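K.L.:
predicted model and sequence follow; I will ask about them next.
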Amino acid sequence: MKKVLIANRGEIAIRIARTAKALGFKTVAVYSEADRFSEHAKYCDQAVFIGESEPKKSYLDAEKIIAAAKSTGAGFIHPGYGFLSERPHFVEACEKAGIIFVGPSADSMRRMGDKIEARKTVDGIGVPRVPGSVGALKNADETKKFAKQIGYPVLLKATAGGGGKGMRRVDKESEIESALDGASREALGAFGDGAMYLEKYILEPHHVEIQVFGDGEGGAIHCGERECSIQRRHQKVWEESPSPILNQYPKTREKMCEAAVKIASHIKYAGAGTFEFIVDGEGNFYFLEMNTRLQVEHPVTEWVTGIDLVSMQLKLANGEFKIGKAPETRGSSIEVRIYAEDPQTFLPAPGTLNTITAPGGAFIRWDSSMTPGSEISLFYDPMIAKLSTWGETREMAIARMRIALDEVRLEPPKTSKLAQTGSLRTNLTFLKKLVRNKDVLAGNTTTDLIAVNTDLTQDRSSDVTERDAISIALTQLLLDQSQSVEATTGKGVSESPWGLRSRNEGLRSW
Amino acid sequence: MVTVAGHKIEFLELPRGDQGEVRALVSGKPQTLRWKKDNQGIWIEFQDQIIGLDLTLENRDEGGVSFSGQRRFGEAFSFAGVSLMREGDELIAGQSSGKKKSTRIKAQMPGKIIKILVTAGNEVNSGDPLLVMEAMKMENEIKANSNYKITEVKIQVGQAVETGAELITMEPIT
């Protein structure tokens, strides 16, 4: 019996389990204290408790996960993204335990997963990359020396990093020390490794990545690109395929795909991987890094190619995969990430969800593990859902996204007076503005889009229509009245509502 | 009579329960509205349209309440800080305007204080960093959104704080 343990949580655990079930695998979930009775644990055929909420004591604990696989008889472990997905020592531990790791070899991970090693590999093949320090920086003086050579602005990055953690833009020498200090501490906390390196900061950049799939024997194909330029806090929030900037420079697309396949083939890469590039406004491209795992934004690739990347991963792991031609792409796809965060500052604002309504309709995909009453835990990434759409054109994919976002409802728990309880906020209003933004519609998707379009992060309360006003006024009246009924139980209420209101008002402090 | 975002509305009877019908004068014109309230807001049936709003009531710093919310379905619509003006409200506002109002910086999520960059008595400009807090494994710099004088720092470096905890109080500089 084929059985796969999914060493992850949330939407990605469910997404992997769906395909695994379709392929005839039995599925095993693992879950932490905070995730008891969470959707991914309920969804799988079996579920094993692996420890405390803190990731280090559960989802990052290789021994506990391997023990769970052994006790349930799982022959495969799929790591998802994040957590143990890019840890070579975990791959080796799986091998030692006789369990097949669904992903690349430990050797590939070491060569490409570590950013400094990756640069050496890429330089050897002759793929262009952003000027920067090859090794980890020793101290502030060395950092200043490199920064001066390359020229400001520069970007400090964690060698073990990802997701924007441990990353700082530095515009002048006097800022180096504090930036190095803060970024290094952040990296140490997030990845257990505070080593930093330095890169030139490319102006007007686009973030474009190439999805590849390798058979582990030197065969590799690309599955098109994804543009993920629209980011806040250096984290992606809108991803799409095909890339608007590459549509302007189709030759660049060809060269990037060729480079990605060349590297994947050279290192005998096995499974799904992603090469991240920076493309400037003139179509020049630079290799950034490789992610040796399934990406969060893989659904847009699945939409435009019609392939199921998880299915390919599982088939390869089970020895049923033969590499073919690169898939044709068709139409356009967009994904947005719905987060529990402040829609203006983008600071995480996790909490409990009372109401969650997913959109539906043709060419709409909703990846989420949240249901009414779910809690977005502060122990993990505060993502609520990924929403993706497809259209025959980019305009149609965007139109579907606009309509789908208007269908989404995410509300916190409230008192009977409609006052919010708990700390939840979401970026839904931000995304609704983003999908209507003129630069987004025009495909001017540079990485500074959110910073430049300041209206995206401002309150808008000017367009309250008469009917909205009536709804608000009536709601207020109902709330006031329920208050007055509590206060005057047994007494008839016969005076005008606003008279009553003003009488109540006198009793209150405001 | 009440004014919401410039629209004058007067209800002619009291609505009761969770749903029903109510007569109102909207900009002087009579309308009959069918409504249904739920735990997140309200649905209202107009002659040619049903509108639903998810609403959240907010207490304002300067006193009183306002609503934030958004439409259920239809065109994207969201608003924040929409308050009701009642007849006589101006008078109350006039009385309180002489008072100097202090602003409190509160923790928006649980976290740990990494750095405190101000002390009581400091004057800060809009955009100046006040403190650095670690939450969700990220360091977040909290900045002043206007010009202020710091009146009190209520936390210490290394301290763990819960959501809603007061961190700093300050007064606007005019």
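P.N.:
Everything's here; your move.
K.L.:
for chain B, name the helix or strand with the lowest mean pLDDT.
P.N.:
Across the helices and strands of chain B, mean pLDDT, DSSP states H and E gives its lowest value to helix B:89-96, namely a mean of 36.
K.L.:
in the stretch 251-400 of chain A, what residue comes closest to chain B?
P.N.:
A:Pro348 (4.1 Å; Cβ to the nearest Cβ). Glycine gets a C-beta too; all of them are placed from N, C-alpha and C.
K.L.:
one more: the stretch 151-300 of chain A?
P.N.:
Closest point on the stretch 151-300 of chain A to chain B, by Cβ to the nearest Cβ, is A:Ala190, at 4.8 Å.
K.L.:
I figured that residue hits A:Gly161, correct?
P.N.:
Yes. The criterion here is Cβ atoms under 8 Å, and A:Ala190 meets it with A:Gly161 at 7.4 Å.
K.L.:
higher neighbour count, these two?
P.N.:
A:Gly161 (23 against 20; other Cβ atoms under 10 Å in any protein chain shown).
K.L.:
can I assume the more buried one is in contact with A:Phe191?
P.N.:
Yes. With contacts counted by Cβ under 8 Å, A:Gly161 reaches A:Phe191, the gap being 6.2 Å.
K.L.:
now do the SS call for the residue nearest the centre of chain B.
P.N.:
Residue closest to the mean C-alpha point of chain B, counted by Cα atoms, centre = their mean, is B:Glu58 at 4.5 Å. What DSSP: H, G, I helix; E, B strand; the rest coil gives for B:Glu58 is strand.
K.L.:
what helix or strand is the nearest residue to it once chain neighbours are set aside on?
P.N.:
Nearest residue to B:Glu58, sequence neighbours excluded (Cβ to Cβ, 6 or more residues apart in numbering or on different chains): B:Ser66, at 5.3 Å. Assessed by DSSP states H and E, B:Ser66 sits inside strand B:65-72.
K.L.:
need the contact list for the residue of the stretch 251-400 of chain A closest to chain B.
P.N.:
When contacts are counted by Cβ atoms under 8 Å, 6 or more residues apart in numbering or on different chains, A:Pro348 touches A:Tyr339, A:Ala340, A:Glu341, A:Leu378, A:Pro382, B:Met109, B:Ala135, B:Met136, B:Met138.
K.L.:
how about 10 Å then?
P.N.:
Applying Cβ atoms under 10 Å, 6 or more residues apart in numbering or on different chains, one finds that A:Pro348 lies in contact with A:233, A:339-342, A:376, A:378, A:381-382, A:423, A:425, B:108-109, B:111, B:135-138, B:140.
K.L.:
and for A:Leu434?
P.N.:
Contacts of A:Leu434 by Cβ under 10 Å, 6+ apart are A:230, A:232, A:237-238, A:336, A:401-402, A:405, A:427, A:440, A:449-450, A:453, A:456.
K.L.:
next one: the residue in the stretch 1-150 of chain A positioned nearest to chain B from A:Gly132, what distance?
P.N.:
Of all residues in the stretch 1-150 of chain A, A:Pro55 sits closest to chain B, at 9.4 Å by Cβ to the nearest Cβ. Separation of A:Pro55 from A:Gly132 (Cβ to Cβ, to the nearest Å) stands at 30 Å.
K.L.:
same check, this time on A:Asp367
P.N.:
Here A:Asp367 is placed at a distance of 34 Å from A:Gly132 (Cβ to Cβ).
K.L.:
that older thread, in the contacts of A:Leu434, find the pair that's most separated.
P.N.:
A:Arg232 and A:Arg402 (19.4 Å; Cβ to Cβ).
K.L.:
neighbour count: the two, which is higher?
P.N.:
A:Arg232 (22 against 18).
K.L.:
residues near B:Ser78, how many?
P.N.:
By other Cβ under 10 Å, 20 other residues sit near B:Ser78.
K.L.:
re earlier: is it true that the residue of the stretch 1-150 of chain A closest to chain B touches A:Gly189?
P.N.:
No. Using Cβ atoms under 10 Å, A:Pro55 makes no contact with A:Gly189, being 11.8 Å away.
K.L.:
compare these two (neighbour count), which wins?
P.N.:
Ranked by neighbour count (other Cβ under 10 Å), A:Pro55 and A:Gly189 place A:Pro55 first, with 19 against 15.
K.L.:
domains in chain A, by residue range?
P.N.:
A:3-102, A:131-200, A:206-457, A:466-507 (automatic domain parsing).
K.L.:
need those in JSON lines with mean pLDDT, can you?
P.N.:
Formatted as JSON lines, the domains of chain A follow (pLDDT from 0 to 100):
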{"stretch": "domain A:3-102", "mean pLDDT": "97"}
{"stretch": "domain A:131-200", "mean pLDDT": "87"}
{"stretch": "domain A:206-457", "mean pLDDT": "96"}
{"stretch": "domain A:466-507", "mean pLDDT": "64"}
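K.L.:
so which of those is nearest B:Ala165?
P.N.:
That would be domain A:206-457 among the domains of chain A, by Cβ to Cβ, at 11.3 Å.
K.L.:
measure the closest one end to end?
P.N.:
Domain A:206-457 has its terminal residues 21 Å apart, counting by Cα to Cα, to the nearest Å.
K.L.:
same question for stretch A:47-56.
P.N.:
Using Cα to Cα, the two ends of stretch A:47-56 sit 19 Å apart.
K.L.:
please list the outside residues in contact with that stretch.
P.N.:
A:5, A:7, A:9, A:27-38, A:40-41, A:57-61, A:63-65, A:67-69, A:71-72, A:74, A:82-84, A:192, A:377-380, B:137.
K.L.:
ChimeraX command for the buried members of those?
P.N.:
Selection of buried members from these for ChimeraX, criterion 16 or more other Cβ atoms under 10 Å in any protein chain shown:
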select /A:5,7,9,27,28,29,30,31,32,34,35,38,40,41,58,59,60,61,64,65,68,69,72,74,82,83,84,377,378,379,380 /B:137
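K.L.:
tell me the residues of the stretch 101-250 of chain A that contact chain B?
P.N.:
Residues of the stretch 101-250 of chain A lying close to chain B by Cβ under 10 Å from any Cβ of the partner chain are A:163-166, A:168, A:178, A:182-183, A:185-186, A:189-191, A:233, A:235.
K.L.:
OK, contacts around A:Phe287?
P.N.:
A:118-119, A:121-123, A:125, A:127-130, A:256, A:259-260, A:263, A:275-278.
K.L.:
those residues in helices, which ones?
P.N.:
A:Ala118, A:Arg119, A:Thr121, A:Val122, A:Asp123, A:Ile125, A:Met256, A:Ala259, A:Ala260, A:Ile263 (DSSP state H).
K.L.:
now do the contacts for the fourth one.
P.N.:
Contacts for A:Val122 (Cβ under 10 Å, 6+ apart) come out as A:111-112, A:128-129, A:259, A:262-263, A:266, A:275, A:286-290.
K.L.:
just the buried residues of the residues you listed.
P.N.:
Neighbour-count burial (16+ other Cβ under 10 Å) is assigned, among those, to A:Arg111, A:Met112, A:Arg129, A:Ala259, A:Lys262, A:Ile263, A:Phe275, A:Tyr286, A:Phe287, A:Leu288, A:Glu289, A:Met290.
K.L.:
what about the fourth one, distance to A:His222?
P.N.:
Computed with Cβ to Cβ, the distance linking A:Ala259 and A:His222 is 10 Å.
K.L.:
surely A:Phe83 meets A:Tyr59?
P.N.:
Yes. The pair A:Phe83 and A:Tyr59 passes the contact test of Cβ under 10 Å, sitting 4.6 Å apart.
K.L.:
alpha carbons only: can I get the strand holding B:Ser66 in CSV?
P.N.:
The C-alpha trace of strand B:65-72 is given here as CSV (Å, rounded to 0.1, in the frame of the first residue of the first chain):
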residue,chain,number,x,y,z
VAL,B,65,-18.5,55.5,17.7
SER,B,66,-18.0,54.9,14.0
PHE,B,67,-18.4,52.1,11.6
SER,B,68,-16.1,50.3,9.3
GLY,B,69,-17.2,47.6,6.9
GLN,B,70,-17.7,46.4,3.4
ARG,B,71,-20.4,45.3,1.0
ARG,B,72,-21.3,41.7,0.6
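K.L.:
all good on my end, thank you.
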